[in-house]
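Undergrad: sequence first, predicted coordinates after that:
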Amino acid sequence: MAAKQVIIKGDPISKEAIANEAITPGDLVEFLGGSAATASRLRKHATAGGNQNWMFALEQDYIGGGLTKTYASGDQVFYVVGRHGD
């Protein structure tokens with residue numbers, strides 16, 4: 001059976017932000033940075049081996065979207081910040 005959710009166990013911190021590009025649930029995400037207009041937007045983490053918080057996009061279960069329902073650029077992305085053990 002295929003997984004239907006990103007979080008399996010733990011109690012990560014839930015947050016939301018605007019997508020700067022298409023983001024799929026389960027993607028490791030980071031803030032875009034730059035100007036004040038784009039600093040709070042999310043993008044896929046793009047640096048191999050880079051230092052990154054455990055921030056993962058969640059599925060859109062509130063509208064029935066599973067793990068394959070992608071957030072479009074400009075969408076409100078629900079994501080979690082994981083902690084050790086999550």
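TA: Cool, the structure landed.
Undergrad: beta partners of the most centrally placed residue in the chain?
TA: Taking Cα atoms, centre = their mean as the criterion, residue 57 is the residue nearest the geometric centre of the chain, at 2.0 Å. Following DSSP bridges, residue 57 is listed with bridge partners residue 79.
Undergrad: contacting residues for it?
TA: Residues near residue 57 by Cβ atoms under 8 Å, 6 or more residues apart in numbering: 6, 23, 24, 25, 26, 27, 29, 42, 71, 77, 78, 79. Bear in mind the C-beta positions are built from the backbone N, C-alpha and C, glycine included.
Undergrad: separation between the second one and residue 9?
TA: So that's residue 23. For residue 23, the distance to residue 9 equals 23 Å [Cβ to Cβ, to the nearest Å].
Undergrad: can you check residue 75 too?
TA: 27 Å.
Undergrad: now do residue 68
TA: For residue 68, the distance to residue 9 - Cβ to Cβ - is 22 Å.
Undergrad: list the buried residues of the helix or strand residue 29 falls within.
TA: Using DSSP states H and E, residue 29 maps to strand 29-31. Buried residues in strand 29-31, defined by neighbour count with 16 or more other Cβ atoms under 10 Å: 29, 30.
Undergrad: for residue 74, report the pLDDT, please.
TA: The confidence metric pLDDT takes the value 93 at residue 74.
Undergrad: can you get me a residue count around it?
TA: Residue 74 is surrounded by 11 other residues when neighbours are defined as other Cβ atoms under 10 Å.
Undergrad: which sections of this structure are below the confidence cut-off?
TA: Scanning the chain for pLDDT under 70 picks out 1-8, 61-66.
Undergrad: pretty sure residue 69 sits in a strand.
TA: No: per DSSP: H, G, I helix; E, B strand; the rest coil, residue 69 lies outside any strand segment and is coil.
Undergrad: how much space separates the residue nearest to residue 58 when sequence neighbours are not counted from residue 55?
TA: Closest residue to residue 58 in three dimensions, ignoring its sequence neighbours and counting by Cβ to Cβ, 6 or more residues apart in numbering: residue 78, at 4.5 Å. Computed with Cβ to Cβ, the distance linking residue 78 and residue 55 is 11 Å.
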